[in-house]
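# This is a predicted model, with the sequence first.
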Amino acid sequence: MNVFDFHARLRPGGEEPARLLATMDRAGIEQAAVCAGGLIPLDRLAQQLDEGGRAEVSADNEGVRRACTRSGGRLLPFFFADPVRDVEAYRTASGDFRGLEISPAVHGGRLDAPEVAELAAIASAARHPVYVVTVAQHGARPADLVRLAARFPRVTFVWGHCGHTGLDVAGLRTIAPSPNILAEISGCLTVTARLAVSRLGAARVLFGTEYPLQQPEVELCKVDALGLDPAERQAVLGANARRVLGEADR
């Protein structure tokens with residue numbers, strides 16, 4: 001089976017992407033969608049997840065793009081956008097990327113902000129999926145993602161990590177009626193991943209690793225524990241990602 005990791009990150013520095021590709025080889029992962037990582041220290045990220053806040057940081061999107069170009073098609077670049085500063089940059093560069101990430105945990109803000117709508121409109125025109133991890137703050141919760149997805153029904157939104165707690169089963173209930181929201185399961189508990197499959201259907205669930213914060217083998221073990229039938233397993237581990245990213249047509 002060709003496993004596709006829908007959510008990995010490239011750390012700053014010259015050791016990537018070789019380190020990521022070697023990790024993928026050891027785990028048996030064929031391709032990965034990647035976004036810039038290491039924008040803020042983990043202590044600050046954890047604090048902002050709990051309390052809110054905004055980091056004035058920019059992702060090295062061009063560095064990610066260059067690294068993916070050198071990967072022989074194994075790494076697909078996502079543009080990590082700060083809604084306050086990156087609307088025009090994403091508009092200009094969207095043709096060089098395969099998806100968009102918006103992070104209320106890093107850049108703060110609300111999903112109903114005009115700048116977020118502009119980014120979603122650009123993603124719609126580019127046929128990009130939009131990856132979002134919801135947080136506990138008003139304006140960036142699962143219900144806010146549902147409202148954003150309703151405004152852009154032709155965009156596939158990906159609910160990263162099934163929320164930020166590992167156990168946001170209420171969030172699963174919230175997004176379930178929105179067919180253009182898929183759930184990515186890296187970092188969440190096994191029970192949450194199992195409920196994602198049962199409540200949304202396997203066609204709306206994506207395997208991811210959150211490399212380098214998580215070992216890919218751990219996430220693969222979690223999928224093994226879900227008790228999926230062969231068709232469900234194939235969907236979660238690769239077929240869904242390739243469909244969302246248009247890889248099946250290439």
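Ah, there it is. Numbers count the residues shown, from 1 in each chain.
# contacting residues for the most centrally placed residue in the chain?
Nearest to the geometric centre of the chain sits Tyr131, at 4.1 Å (CA atoms, centre = their mean). With contacts defined as CB atoms under 8 Å, 6 or more residues apart in numbering, Tyr131 is in contact with 7, 35, 78, 99-102, 157-158, 160, 184. Glycine gets a C-beta too; all of them are placed from N, C-alpha and C.
# Which of the helices or strands spans it?
Per DSSP states H and E, Tyr131 falls inside strand 130-132.
# tell me the mean pLDDT for the next helix or strand after that strand?
Helices and strands here follow DSSP H and E; after strand 130-132, the next one along the chain is helix 142-151. The predicted model gives helix 142-151 an average pLDDT of 98.
# just checking, what packs against the next helix or strand after helix 142-151?
For helix 142-151, the succeeding helix or strand toward the C-terminus, using DSSP H and E, is strand 157-159. Packed against strand 157-159, as judged by 3 or more CB pairs under 8 Å, 6 or more residues apart in numbering; DSSP states H and E, are the following elements: strand 130-132, helix 142-151, strand 181-184.
# Recalculate using a threshold of 6 Å.
strand 181-184 (3 or more CB pairs under 6 Å, 6 or more residues apart in numbering; DSSP states H and E).
# what's the following helix or strand after the strand it packs on?
Downstream of strand 181-184, the first helix or strand assigned by DSSP H and E is helix 190-200.
# Show me what counts as buried in that next one.
192-197, 200 (16 or more other CB atoms under 10 Å).
# now do stretch 61-69
Buried, per 16+ other CB under 10 Å, within stretch 61-69: 61, 64-65, 67-68.
# Now do that stretch: everything it contacts.
10, 17, 36, 75, 77, 79, 96 (CB atoms under 6 Å, 6 or more residues apart in numbering).
# from the chain's centre, how far out does it sit?
The gap between the average C-alpha position of stretch 61-69 and the chain average comes to 17 Å, counting by CA atoms, centre = their mean, to the nearest Å.
# Equivalent analysis for stretch 211-230, please.
Taking mean C-alpha positions (CA atoms, centre = their mean), stretch 211-230 and its chain are 16 Å apart.
# hmm, who's touching that stretch?
Outside stretch 211-230, the residues touching it (CB under 6 Å, 6+ apart) are 8, 11, 27, 186, 190, 194, 209.
# hang on, the earlier thing: pick out whichever of the contacts of Tyr131 sits closest to Glu232.
Nearest to Glu232 out of the contacts of Tyr131 is Glu184 (CB to CB; 15.7 Å).
# Tabulate the buried residues of stretch 61-69 in TSV, adding columns for secondary structure, pLDDT and distance to Pro114.
Converted to TSV, the buried residues of stretch 61-69 look like this (DSSP: H, G, I helix; E, B strand; the rest coil; pLDDT from 0 to 100; distance: CB to CB, whole Å):
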residue	secondary structure	pLDDT	distance to Pro114
Asn61	helix	97	21
Val64	helix	96	26
Arg65	helix	96	26
Ala67	helix	94	32
Cys68	helix	95	30
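# Serialize the residues you listed to JSON lines and add fields for distance to Val3.
Below are the buried residues of stretch 61-69 laid out as JSON lines (distance: CB to CB, whole Å):
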{"residue": "Asn61", "distance to Val3": "25"}
{"residue": "Val64", "distance to Val3": "21"}
{"residue": "Arg65", "distance to Val3": "23"}
{"residue": "Ala67", "distance to Val3": "20"}
{"residue": "Cys68", "distance to Val3": "18"}
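# quick one on the thing from earlier: got a ChimeraX select line for the buried ones in the contacts of stretch 211-230?
This is the ChimeraX syntax for the buried subset of the contacts of stretch 211-230, where burial follows 16+ other CB under 10 Å:
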select :8,27,186,194,209
